[in-house]
Every structure is written in C-alpha cells, then in structure tokens.
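K.L.:
dropping the sequence and predicted coords here.
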Amino acid sequence: MEQLKFIFPWDGDFLNKYDGKWQKGALWVFVGVNKYAKINGIETIYSEEKGCYIANIPLYGYRNAVVASNENEEVKITLFALKDNLVKRFRISSDDNILFLKDLSEGDYKSIFDHPYLAVYKKAHELYGAKVHLNLFYAFDEKAQGFFSKRKGYFDLSMMTDRYKAEFIENSDWLKLAFHAKSEFPDRPYKFASETKIREDYLSICREICRFAGRECIPNSTTVHWGEANREAVRALRSMGLRSLTGYFEKDSDGNPLVSYYADIPTVEHVGKRDFWMDTKEDMIFGRIDRVLNIGTLNEVLEAVDKISDDAHRGGFVSIMIHEQYFYEDYCRYLPDFEKRVLDSCRILNEKGYKSALISEVTSEPDTTEAVCTEF
C-alpha cells in the first residue's frame with residue numbers, strides 16, 4: 001500500500017499571497033495529500049479537481065511545521081510564509097566579474113562609479129532603487145583572455161588596490177560582492193569538486209573582498225559558476241555561512257538539469273516554477289534566476305521580464321542577471337545595448353510596483369542571527 005505523502009506544496013516551499021490568502025494574521029493555503037488524513041488537526045476532503053485529499057490550513061509564522069496523520073501514519077514537512085512586505089521585490093545580479101576590478105586597480109579613478117561598468121549599476125540604483133549583486137572570479141587568466149581582441153594581461157584579486165575600500169563600504173547597503181569561482185575555466189568547476197576545493201576557492205575570494213572592499217560588502221547568497229555544485233560542495237558553502245544559492249532550474253535541449261546544482265529533474269521542474277525553495281536536508285535556500293539579460297534581443301529580454309512579473313508563482317521575487325564580459329567592446333560577444341538591458345529591465349519592474357531587495361532581506365528568518373564565517 002502506498003505510504004501517506006504530501007502532494008503539494010513541497011517540503012521547503014516558500015509561499016506568499018499568490019499561493020493563498022492572508023486572514024487574521026495567517027496565510028491560509030490548501031495542502032494536498034495522497035489519502036485521507038488530518039493536516040495540523042484539520043480534516044481533509046477529496047478534491048476531484050486536484051485528484052487528492054486537501055485541507056485549507058493556516059501558516060502563522062515564517063517557518064511552519066505541517067503534519068499529516070491518520071490512524072497508522074504521520075508525515076511532516078516545513079513550509080515558509082512570506083508576508084506581503086516581502087513580495088513584489090526584484091534584484092539584479094551579474095556573474096563572471098573581474099575586469100572592472102582590474103581597471104580600478106590599474107587606473108586613476110576618483111570614484112568606483114567613474115568606471116563605466118559600475119556607473120550602469122549606479123544609474124539603476126539612483127533611478128529605480130536597484131540593489132546589485134556582483135559575483136567575482138578570483139583570476140582573469142590566459143584562457144579567458146582569448147575571448148577578447150585587446151591584450152589585457154593576467155590579474156587576480158590579490159592585485160586589487162584597497163584605495164576604494166571606504167567607498168565600497170559606503171555603498172554596501174545596495175552593492176554586494178560575492179564568490180563565484182576561481183576563474184572562468186574550466187566549465188562547471190564544482191560539479192564534482194571536493195568540499196576542500198570549494199572551501200579554498202570561496203575563502204580566497206572572500207578574504208580579498210574583505211581586504212579591498214570590506215566585510216560589509218559580502219552577502220550570504222551567491223551564484224556558483226555554471227550554477228552547478230554537488231551536495232558536498234553545497235554543504236561546505238552552507239557551513240561557511242552562505243544561506244542561499246541561485247540558478248536557472250531549467251532543462252537543457254537533452255532534458256538534463258541546467259544550472260541547477262545537484263537537483264534532479266522533478267526538483268528542477270518544481271523549483272523552476274517558484275521564487276524560492278529550501279532543501280531542508282541541507283538547510284540551503286535555492287532561488288530561481290528568472291531571466292539572463294544577455295540572451296536574446298533587447299526586445300525579447302524586456303518582453304520576458306514583463307511577462308515573468310505577471311507569473312503568480314515566479315513574480316513575487318524577480319531575479320534578473322547579466323554577465324560582465326558582455327559590457328566590453330573588445331569581447332567577442334559584446335552587447336552595445338548592455339546598459340539599456342539593465343536599465344530598461346529595472347524600469348519595467350519599477351513601473352509595475354516592484355521594489356528592489358537583496359535575497360537575504362526576503363528569505364532570512366525574522367529575529368534570528370545567521371552564522372557568519374570568521375575565516376576571512
């Protein structure tokens with residue numbers, strides 16, 4: 001006989017007003033199980049439409065234990081409820097960052113925002129309140145150089161000047177710098193990496209960020225290069241204080257998980273339709289990157305951003321992302337409309353009533369203090 005199990009929501013789902021209805025201090029949501037049970041003491045009824053037994057139950061706090069039981073069985077899941085002030089938020093992130101730091105270190109800029117790349121994000125912040133998250137490589141090496149027509153030379157974060165540290169700290173409420181990978185190549189560096197390897201790479205980047213930009217700039221969220229890492233590597237990142245990871249949670253042309261860490265196909269399909277989901281076994285939150293701004297034409301990008309914001313289950317938190325290298329004229333895939341892709345995407349969301357937020361501002365548990373790594 002089939003065991004009692006939850007059909008929806010999934011263990012670890014983050015729910016909001018689009019999943020239910022707030023009444024008298026609780027988010028009331030329908031929960032389904034595969035056979036008759038009581039859910040948190042409320043009897044289920046069979047739904048022909050859903051094809052399972054359902055009950056409308058209240059979620060009173062951020063973290064909620066939901067228990068289904070009958071005479072012979074009991075199963076439990078954890079659900080997270082986000083209040084309305086945490087919904088309709090957006091964030092812009094950028095992957096593969098290293099070159100703007102090379103320029104800042106080697107140039108004579110009076111401000112970090114005199115650099116044209118960072119000036120784009122400053123405009124997004126001033127015009128639309130954007131909060132910006134930049135994921136960094138440790139090194140720009142010979143292989144990465146091959147995609148640029150102008151010779152740039154080797155650079156790594158240990159060579160970055162600290163003369164802009166005060167300005168980075170001053171803007172750390174909206175501009176974050178985070179670990180991405182040791183370098184652009186090889187592809188998918190953490191798919192089979194050991195805990196030791198990813199820990200070393202993570203600390204090498206965070207120590208340098210701390211030195212030249214201040215601990216205040218380091219968030220507890222990131223996107224690992226290629227959005228792939230095995231369970232052991234993710235566990236290592238969680239142990240050092242990282243709270244959330246973002247990825248595409250899509251399938252490639254062959255039907256395999258794409259930019260989805262260690263998720264299997266059912267998990268990819270589920271997380272890909274939501275804002276956030278927690279793997280409660282690893283205590284790690286995963287977020288969906290809704291649109292990569294350097295893929296497709298400008299019109300295709302803006303139409304996609306507009307459409308995603310209307311999706312009931314992906315529109316609560318819209319995560320948009322771009323890659324740094326597309327900003328530079330000598331890059332083989334240079335986008336002359338890079339700035340418009342960033343600014344117009346933020347404008348669309350702003351005009352639709354979105355406010356910007358860091359992932360930690362939306363998903364962090366109230367009245368708790370997250371453990372912070374002290375090794376950098």
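P.N.:
Everything's here; your move.

K.L.:
which stretches in this protein count as helices?
P.N.:
99-106, 116-128, 142-145, 165-170, 195-213, 231-239, 265-271, 298-308, 338-351, 359-363 (DSSP state H).

K.L.:
can you give me the buried ones in the fourth one?
P.N.:
Under the neighbour-count criterion of 16 or more other CB atoms under 10 Å, helix 165-170 has 165, 167-168 buried. Quick note: C-beta positions are derived from backbone N, CA and C, even for glycine.

K.L.:
which stretch among the helices of the chain comes nearest W22?
P.N.:
Closest to W22 of the helices of the chain is helix 359-363 (CB to CB; 16.6 Å).

K.L.:
hang on, the earlier thing: would you turn the helices of the chain into TSV with mean pLDDT and distance to N40?
P.N.:
What follows is the helices of the chain, written out as TSV (pLDDT from 0 to 100; distance: least, CB to CB, whole Å):
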stretch	mean pLDDT	distance to N40
helix 99-106	98	51
helix 116-128	98	41
helix 142-145	95	53
helix 165-170	98	46
helix 195-213	98	37
helix 231-239	98	29
helix 265-271	97	22
helix 298-308	97	33
helix 338-351	98	36
helix 359-363	95	23
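
K.L.:
in JSON lines: those helices, plus distance to D11.
P.N.:
Listed next are these as JSON lines, based on distance: least, CB to CB, whole Å:
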{"stretch": "helix 99-106", "distance to D11": "40"}
{"stretch": "helix 116-128", "distance to D11": "35"}
{"stretch": "helix 142-145", "distance to D11": "40"}
{"stretch": "helix 165-170", "distance to D11": "39"}
{"stretch": "helix 195-213", "distance to D11": "25"}
{"stretch": "helix 231-239", "distance to D11": "16"}
{"stretch": "helix 265-271", "distance to D11": "11"}
{"stretch": "helix 298-308", "distance to D11": "25"}
{"stretch": "helix 338-351", "distance to D11": "30"}
{"stretch": "helix 359-363", "distance to D11": "16"}
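
K.L.:
nearest to G41, of those helices?
P.N.:
Judging these by CB to CB, what sits closest to G41 is helix 265-271, at 26.9 Å.

K.L.:
roughly how far out does the closest one sit from the chain middle?
P.N.:
Offset of helix 265-271 from its chain centre (CA atoms, centre = their mean, to the nearest Å): 16 Å.

K.L.:
ok, stretch 179-199 next?
P.N.:
The answer for stretch 179-199 is 18 Å, by CA atoms, centre = their mean.

K.L.:
now swap in stretch 197-213 and tell me
P.N.:
The answer for stretch 197-213 is 19 Å, by CA atoms, centre = their mean.

K.L.:
got it, and stretch 223-231?
P.N.:
Relative to its chain's centre, stretch 223-231 lies at 12 Å (CA atoms, centre = their mean).

K.L.:
now do stretch 67-83
P.N.:
Counting by CA atoms, centre = their mean, stretch 67-83 comes out at 27 Å from the chain centroid.

K.L.:
list the buried residues in that stretch.
P.N.:
Quick answer for stretch 67-83 (16+ other CB under 10 Å): 68-69, 75, 77, 79-82.

K.L.:
need the max-distance pair from those.
P.N.:
S69 and L82 (26.6 Å).

K.L.:
that older thread, let me know which of the helices of the chain is the nearest to I42.
P.N.:
helix 265-271 (24.3 Å).

K.L.:
just the C-alpha atoms of stretch 140-152, please, in CSV.
P.N.:
The C-alpha coordinates for stretch 140-152 follow below in CSV (Å, rounded to 0.1, in the frame of the first residue of the first chain):
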residue,chain,number,x,y,z
PHE,A,140,41.5,36.6,-15.1
ASP,A,141,43.9,34.2,-16.9
GLU,A,142,45.3,33.4,-20.3
LYS,A,143,42.3,31.2,-21.4
ALA,A,144,39.8,33.9,-20.6
GLN,A,145,42.0,36.4,-22.4
GLY,A,146,41.4,34.5,-25.6
PHE,A,147,37.8,35.9,-25.9
PHE,A,148,39.0,39.5,-26.1
SER,A,149,40.7,41.2,-29.0
LYS,A,150,42.7,43.6,-26.9
ARG,A,151,45.5,42.2,-24.7
LYS,A,152,44.7,42.7,-21.0
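
K.L.:
mind listing what's buried along that stretch?
P.N.:
Result for stretch 140-152 [16+ other CB under 10 Å]: buried residues 140-141, 144, 148.

K.L.:
equivalent analysis for stretch 125-138, please.
P.N.:
125, 128-138.

K.L.:
which of those fall in strands?
P.N.:
132-137 (DSSP state E).

K.L.:
could those go into TSV alongside distance to E365 and pLDDT?
P.N.:
Shown next, in TSV, are those (distance: CB to CB, whole Å; pLDDT from 0 to 100):
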residue	distance to E365	pLDDT
V132	24	98
H133	20	98
L134	25	98
N135	24	98
L136	27	98
F137	31	98
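
K.L.:
T222: which of the residues you listed is nearest?
P.N.:
T222 has its nearest neighbour among these in N135, at 5.7 Å by CB to CB.

K.L.:
per-residue confidence for the residue lying closest to the closest one once chain neighbours are set aside?
P.N.:
Leaving aside its sequence neighbours, N135 sits nearest to H180 (CB to CB, 6 or more residues apart in numbering; 3.6 Å). The model reports H180 with a pLDDT of 98.

K.L.:
quick one on the thing from earlier: for the buried residues of stretch 125-138, give me CSV that also has distance to I285.
P.N.:
Below are the buried residues of stretch 125-138 laid out as CSV (distance: CB to CB, whole Å):
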residue, distance to I285
H125, 25
Y128, 25
G129, 23
A130, 21
K131, 17
V132, 20
H133, 15
L134, 20
N135, 17
L136, 21
F137, 24
Y138, 25
